[in-house]
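Predicted coordinates and the sequence they were generated for:
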Amino acid sequence: MGSNPINLGLRFILELVALFMAGYWAKEQNDSWQRYILMIGLPLILATLWGVLAVPDDPSRSGSAPIPISGWLRLLLELSIFSFAVYCLHDLGYSKLTWIFGLVVLVHYLISYDRIAWLLKQ
């Protein structure tokens with residue numbers, strides 16, 4: 001179920017929202033010109049980590065792993081980025097969106113139980 005196209009589409013949307021929230025949160029942290037560097041830089045760093053740190057032959061990705069990592073480490077990376085996005089929403093005062101986003105991420109991972117099992121075996 002973790003490689004179902006609908007679930008992969010949902011995960012892609014969740015990833016985009018997480019990156020957007022990281023950038024928006026970074027922008028709101030100060031009023032100087034540096035906030036624009038943070039606004040662009042933080043999501044770029046997170047997206048780079050997300051893109052290059054991969055488990056070889058992950059069926060939910062292209063299968064390539066520019067920098068191979070273990071499955072549990074990949075799962076930890078994903079959960080950390082999604083958790084950071086939840087924190088960003090909460091810190092910015094979006095209580096309802098915090099709960100909605102967090103619940104959708106939880107549902108995504110519950111649906112992806114087979115992928116989680118696969119990652120933990122790698």
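Thanks, I have it.

Going by C-alpha atoms from here, please, whenever you check contacts or count neighbours.
Fine.

ok, longest helix in this structure?
When the chain is parsed with DSSP state H, its longest helix is helix 5-27.

Next, the angle helix 5-27 makes with the following helix or strand past that one.
Next along the chain after helix 5-27, taking DSSP states H and E as the criterion, comes helix 34-52. Relative orientation of helix 34-52 versus helix 5-27 (axes from the mean of the first three to the mean of the last three Cα atoms, to 10 degrees): 150 degrees.

What residues of helix 34-52 count as buried?
By 16 or more other Cα atoms under 10 Å, the buried positions in helix 34-52 come out as 35-36, 38-40, 42-43, 46-47, 49.

Which residues does the longest helix of the chain contact?
1-2, 35-36, 38-43, 46-47, 60, 81-82, 84-85, 88-89, 92, 105, 108, 111-112 (Cα atoms under 8 Å, 6 or more residues apart in numbering).

picking that back up, output the buried residues of helix 34-52 in JSON lines, with pLDDT and distance to T98 appended to each entry.
What follows is those, written out as JSON lines (pLDDT from 0 to 100; distance: Cα to Cα, whole Å):
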{"residue": "R35", "pLDDT": "91", "distance to T98": "23"}
{"residue": "Y36", "pLDDT": "93", "distance to T98": "24"}
{"residue": "L38", "pLDDT": "94", "distance to T98": "22"}
{"residue": "M39", "pLDDT": "96", "distance to T98": "20"}
{"residue": "I40", "pLDDT": "96", "distance to T98": "22"}
{"residue": "L42", "pLDDT": "97", "distance to T98": "20"}
{"residue": "P43", "pLDDT": "97", "distance to T98": "18"}
{"residue": "L46", "pLDDT": "97", "distance to T98": "19"}
{"residue": "A47", "pLDDT": "96", "distance to T98": "21"}
{"residue": "L49", "pLDDT": "95", "distance to T98": "23"}
